[in-house]
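# here's my sequence, what's the structure:
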Amino acid sequence: MNDLDVQLKQLIINSLNLEDLQVSDIDSDEPLFGDGDGLNLDSIDALELGLAIKKTFNIVINGDDPAVREHFQSVTTLADYISSQSTQGAV
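Numbering: from 1, shown residues only. The predicted structure is shown next:
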């Protein structure tokens with residue numbers, strides 16, 4: 001597990017008040033949203049998480065972007081997106 005994954009998992013726990021979870025409880029590849037496996041987050045959670053990402057990483061996730069669902073599929077896909085945005089901004 002890389003540092004960004006750990007940081008994102010802690011951000012999810014803190015920003016969504018998931019006090020009953022530990023970083024080790026979240027699988028990096030499990031779905032963040034939807035019914036069934038994963039964290040089962042909802043659209044309100046997505047907004048909260050998006051704001052926390054903006055505040056922490058200074059990255060805005062555009063809700064109108066058709067790929068936004070892909071970015072929010074898992075901790076891994078979110079970390080990949082944040083990494084790609086961070087490298088684009090580092091000129």
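# please make it C-alpha for all contacts and neighbour counts, starting now.
OK.
# pLDDT weak spots in the protein?
Along the chain, the model assigns pLDDT under 70 to residues 1, 87-91.
# mind redoing it with 90?
Applying pLDDT under 90 to the chain flags residues 1-2, 34-38, 43, 60-70, 85-91.
# run a quick neighbour tally on the nearest residue to E19 once chain neighbours are set aside.
Nearest residue to E19, sequence neighbours excluded (CA to CA, 6 or more residues apart in numbering): I13, at 6.6 Å. When counting by other CA atoms under 10 Å, one arrives at 18 neighbours for I13.
# distance of I13 relative to L32?
According to CA to CA, to the nearest Å, I13 stands 12 Å off from L32.
# Q7 too?
Distance from Q7 to L32, by CA to CA: 15 Å.
# same question, L39
Taken as CA to CA, the span from L39 to L32 is 5 Å.
# quick one on the thing from earlier: can you list the buried residues in whichever strand or helix holds the residue nearest to E19?
Secondary structure from DSSP states H and E places I13 in helix 3-15. Judged by neighbour count using 16 or more other CA atoms under 10 Å, the buried positions of helix 3-15 are L4, D5, V6, L8, K9, Q10, L11, I12, I13, S15.
# swap in stretch 27-44?
Buried residues in stretch 27-44 (16+ other CA under 10 Å): D27, S28, P31, L32, F33, G38, L39.
# part of a strand, is the first one?
No. According to DSSP: H, G, I helix; E, B strand; the rest coil, D27 belongs to no strand; its state is coil.
# so how many other residues sit close to D25?
10.
# if you could redo that for G50, that was the one I meant.
Quick note: G50 (other CA under 10 Å) scores 19 neighbours.
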